[in-house]
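*Asks:* Below: sequence and its predicted model.
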Protein chains: 2
Amino acid sequence: MKLYDFAPAPSPRRVRIFLAEKGLTIPTVQVDLRAGEQMRPEFAKINPWRTVPALELDDGTVISEASACCRYIEEIHPEPALLGRTPKEKAVIAMWDHHCEVEGFLAGAEALRNEVKGMSGRALPGPVGYEQIPALAERGRARVRHFLTELDERLAAVPYVAGEAFSIADITAFVVVEFAGWVKLAPAEEAVALRRWLDGMRARPSAKA
Amino acid sequence: MKLYDFAPAPSPRRVRIFLAEKGLTIPTVQVDLRAGEQMRPEFAKINPWRTVPALELDDGTVISEASACCRYIEEIHPEPALLGRTPKEKAVIAMWDHHCEVEGFLAGAEALRNEVKGMSGRALPGPVGYEQIPALAERGRARVRHFLTELDERLAAVPYVAGEAFSIADITAFVVVEFAGWVKLAPAEEAVALRRWLDGMRARPSAKA
């Protein structure tokens, strides 16, 4: 098993932290997104969607999409369980992880990719180049702000994003919060619960992944 | 268990088809999105994200997000397996389902919600009203077109979206293709593989769900 990765990028970081929480180390291949290496024909053969992370299994199958990579890892290395144990836990964790991805991660990407000059013509990941839409950068920022507020409310009620136990939803939310820093958005001073949780996440050894 | 639903909406349809493929019938509560019923305080108590589908379990827990609802149903009614059996199958299906959701479903929603007059101020689902961005409607249409082309290529190579077996990824892709009709986008005449698969999907009893 090996991971196509790009160390500075937030999306593969979700998988790196997941692996670290499992206590696993696997070989990685760096695909330099800043140099556009994902658009090279060699990489298109590995992942036609031109994204990292991509997890190559020993039989050559390539699993793309961070959440699907994590699903595979959980199946083959169930402990510690990060996707839940009971049907209800699995569903609640899947719900929160999905929510953090769509409302947090995609919102952050919307803000960054439509704003930063270096991403002109690359407003979405993937094989097609889309032009930036300035109004979408602004909307992305508003959505990230809303997400951070909502996350603080959630973490005032429960210790972890999906409830009582640490899960993949914390990993996704943590990557979102750090990614939000790229567009200079941070938890408000008064977001006490979010800041406390964030300190806890940053203190975990996996935060270095 | 009961499903908060809105019969005309594509997102809860994913769960309705999933239930039908499992041979399950559960009570549904219609939440009229056209009348804005999801914004009422009563519904906010059920799902603060103000979306359907939402699956209420017998203990009162509410599972939101179509993919998480399906995860729960698969766990308690494993047959026929729609999320895969082996670790590899589970990951490949998760990858395709995620791809169809983000590149197909969200693209279709981008097109519709930024274009249709009745969705003015409602360009995204959820509690916050966002204004329409005309350039985003256009981008959404381009993305849906790309998705349909890519789906045709995929289905020229394998019988079902995630490979050899029918899965949740077919359900998501099917809902996307029918949803694309709302913005008057349809598979091209020459998309023979996609059209053949679509005929097969429409012939399944679950298509009525």
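*Replies:* It's in. Numbering: from 1, shown residues only, chains lettered A, B, ... in the order given.
*Asks:* okay, the closest residue to A:Leu198 other than its chain neighbours: pLDDT?
*Replies:* In this structure, A:Leu198 finds its nearest non-sequential neighbour in A:Val177, 6.0 Å apart by C-beta to C-beta, 6 or more residues apart in numbering or on different chains. (C-beta placed from N, C-alpha, C; glycine too.) Note on A:Val177: pLDDT of 98.
*Asks:* What of A:Ala111?
*Replies:* As predicted, A:Ala111 sits at a pLDDT of 97.
*Asks:* how deep is it tucked in, by neighbour count?
*Replies:* Look at A:Ala111: counted by other C-beta atoms under 10 Å in any protein chain shown, it has 26 neighbours.
*Asks:* Could I have the CA atoms of stretch A:113-122 written out in PDB?
*Replies:* Coordinates of each C-alpha in stretch A:113-122 appear next as PDB, following Å, rounded to 0.1, in the frame of the first residue of the first chain:
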ATOM      1  CA  ARG A 113      -9.300  28.700  -5.000                       C
ATOM      2  CA  ASN A 114     -11.400  31.600  -6.100                       C
ATOM      3  CA  GLU A 115      -9.200  34.200  -4.400                       C
ATOM      4  CA  VAL A 116      -5.500  33.300  -4.700                       C
ATOM      5  CA  LYS A 117      -3.800  34.500  -7.900                       C
ATOM      6  CA  GLY A 118      -1.800  31.300  -8.200                       C
ATOM      7  CA  MET A 119      -5.000  29.300  -8.600                       C
ATOM      8  CA  SER A 120      -6.300  31.300 -11.600                       C
ATOM      9  CA  GLY A 121      -7.900  28.800 -14.000                       C
ATOM     10  CA  ARG A 122      -7.800  26.200 -11.200                       C
END
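*Asks:* okay, now the domains of chain A?
*Replies:* Taking automatic domain parsing as the criterion, chain A consists of the domains A:2-76, A:87-208.
*Asks:* Am I right that the residue nearest to A:Leu198 is in a strand?
*Replies:* No - applying DSSP: H, G, I helix; E, B strand; the rest coil, one finds A:Val177 to be helix, outside a strand.
*Asks:* Quick one: neighbours of it, just the number.
*Replies:* By other C-beta under 10 Å, the residues close to A:Val177 number 25.
*Asks:* Over to A:Arg204?
*Replies:* The number of residues packed near A:Arg204 is 16, by other C-beta under 10 Å.
*Asks:* Which pLDDT does the model give the residue nearest to it when sequence neighbours are not counted?
*Replies:* Spatial nearest neighbour of A:Arg204, excluding adjacent residues (C-beta to C-beta, 6+ apart): A:Glu21 at 7.7 Å. What the model reports as pLDDT for A:Glu21 is 98.
*Asks:* same question, A:Thr51
*Replies:* Looking at A:Thr51, its pLDDT stands at 97.
*Asks:* repeat for A:Ala35
*Replies:* Note on A:Ala35: pLDDT of 94.
*Asks:* What parts of chain A come near chain B?
*Replies:* Within reach of chain B by C-beta under 8 Å from any C-beta of the partner chain, chain A has these residues: A:49, A:55, A:57, A:59, A:61, A:63-65, A:67-69, A:71-72, A:75-76, A:87-88, A:90-92, A:94-95, A:98-99, A:102-103, A:106, A:124, A:126, A:128, A:130, A:133, A:135-136, A:139, A:142-143, A:146.
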